[in-house]
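Chemist: make a model of this:
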Amino acid sequence: MAQPTPDLEKNETMHYEGRDVQRTITPGGHPIDYSQTPLPQFHRKLANPAPLGLMSFGTGFFLTCFLTLHARGVKTPNVVVPVLMLYGGIAQWITGLVEMFSGNTFGATVFGSYGAFNMTYAALYLPAFGVIQAYTLADGSISPELNQAIGLYLIVWMMVTIMFMFAALRTTAAVFATLTFTALTFLLLAINEFTGNDAARIVGGVFGLVASASSWWAAASALWVPDTTFGALQVSPIGMARR
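Modeler: Numbers count the residues shown, from 1 in each chain. Predicted structure coming up:
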């Protein structure tokens, strides 16, 4: 006599030799699968973030050094604050994060650091941070300590930049020139803050313009590619690594 077939929709259990058999199909007749639904693999390509970081660094540094040279008679540099905060700082932070996700330690460290430099330098001029107010005397004049403190600030960033220079010896001439002239700019502007030497301010400002031009050079070498521009406009960053 044939055994009755269990009704799976009524949650009846099948048996085999006295033992329960695990249900392998749903009441609707579909195979049961308790495993997690696998996520599809996407091979996404990230854009090269370096041109953004190099352009933002060069632009902010160029404007800062232009004002350091008192271009067009401008001696109040506060116009550079929004450029350093919103372009130099944020754009370089974004660049540093993308470089980090891409596995580029050098790019993540350099762009992240200079993004912070742009932010901190701009913060010196913002009343909310109280930096200048802290060095304001009772009579409203600025204490000479402010110049010494800014000089030390620039020396610290010169030391950081020198560390980046050694890490860039096998990169490109454009990147190495950017870091070299940036370090010289920090040094000369620090000397100006320490001593009041006006020649150091002028030479430091000129070196800063060269650093900015080198940064734009490096950015153009990655931005002006065959997909976007004509061959006559393409520039080479001049690789320094041995082949």
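
Chemist: which one's the longest helix in this structure?
Modeler: Longest among the helix segments of the chain by residue count, using DSSP state H, is helix 198-223.

Chemist: which strands or helices does it pack on?
Modeler: helix 50-68, helix 173-195 (3 or more C-beta pairs under 8 Å, 6 or more residues apart in numbering; DSSP states H and E). For every residue, glycine as well, the C-beta is placed using N, CA and C.

Chemist: pull out the buried residues from that helix.
Modeler: Residues 200-201, 203-223 are the ones in helix 198-223 that count as buried (16 or more other C-beta atoms under 10 Å).

Chemist: now render the helices and strands packed on helix 198-223 as JSON lines, adding mean pLDDT and mean neighbour count.
Modeler: Below are the helices and strands packed on helix 198-223 laid out as JSON lines (pLDDT from 0 to 100; neighbours: other C-beta atoms under 10 Å):
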{"stretch": "helix 50-68", "mean pLDDT": "97", "mean neighbour count": "23"}
{"stretch": "helix 173-195", "mean pLDDT": "98", "mean neighbour count": "22"}
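
Chemist: out of those helices, which is closest to Gly96?
Modeler: helix 50-68 (7.2 Å; C-beta to C-beta).

Chemist: remind me what the following helix or strand past the closest one packs against, helices and strands.
Modeler: Using DSSP states H and E, the helix or strand that follows helix 50-68 towards the C-terminus is helix 80-82. Counting contacts by 3+ C-beta pairs under 8 Å, 6+ apart, helix 80-82 packs against helix 50-68, helix 105-123.

Chemist: go through those helices and name the closest to Arg170.
Modeler: Nearest of the helices and strands packed on helix 80-82 (C-beta to C-beta): helix 105-123, 9.9 Å.

Chemist: contact partners of that closest one?
Modeler: 49-50, 53, 56-57, 60, 64, 80-82, 84-85, 88-93, 95-97, 99-100, 129, 131, 157, 160, 164, 167-168, 171 (C-beta atoms under 8 Å, 6 or more residues apart in numbering).
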